[in-house]
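Participant: Here is my input; please provide its structure:
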Amino acid sequence: MYDSLSPDDRLLLLKFLCAFAWADMDVSEKERSFVRRMSEKLSIADHEKQQVELWLDIEPAPSSVSAAAIPAEHKRAFIEAVRAMIYVDGSVDPDERANFDRLKAAMG
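Facilitator: You can find the predicted model right below:
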C-alpha cells in the first residue's frame, strides 16, 4: 500500500502520524515506536528521520497537515495509517477521534 508513495508523500504521511500522536498533547512511547517503525517501513532518508524525530518532540503546525495535501490516490493509505496510529496506545482520546473524523470527512 505504501510502495506507490513518492518520497514527499511518505514524509507527509509521517507528518500526519505525528500530528495525530499530538492530538491529546502527549506522545506516548507506543506512538513514538509506531512512527519509528513506519519510518523504517517507508525507507525514508536519514535527514528525514531527523525531521520525524523533531515532529515527535514538537507538534507539527496544524496548518501543515491539511487533507487537501493528500493525493487522491493515496487517501486510503493515509486513513489506514492514521487509524492505526490512534489505536496503537490502546486508548482513543476524544480529540483523536474528532480529528480522525474530520480527516475522513475532508477526504470525502
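Participant: from here on, contacts and neighbour counts on C-alpha atoms
Facilitator: Fine.
Participant: So which bits of the helix or strand that contains residue 12 are buried?
Facilitator: Using DSSP states H and E, residue 12 falls within helix 7-21. Applying a neighbour-count criterion of 16 or more other C-alpha atoms under 10 Å, the buried positions in helix 7-21 are 9-21.
Participant: Stretch 70-83 too?
Facilitator: Under the neighbour-count rule (16+ other C-alpha under 10 Å), stretch 70-83 has 70, 77-79, 81-83 buried.
Participant: I'd like the buried residues of helix 7-21 written out as CSV, with distance to residue 32 and pLDDT added.
Facilitator: Conversion of the buried residues of helix 7-21 to CSV gives the following (distance: C-alpha to C-alpha, whole Å; pLDDT from 0 to 100):
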residue, distance to residue 32, pLDDT
9, 20, 97
10, 17, 97
11, 15, 97
12, 16, 97
13, 14, 97
14, 11, 98
15, 12, 97
16, 13, 96
17, 10, 96
18, 8, 97
19, 12, 94
20, 11, 93
21, 8, 92
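Participant: how many neighbours does residue 103 have?
Facilitator: 19 (other C-alpha atoms under 10 Å).
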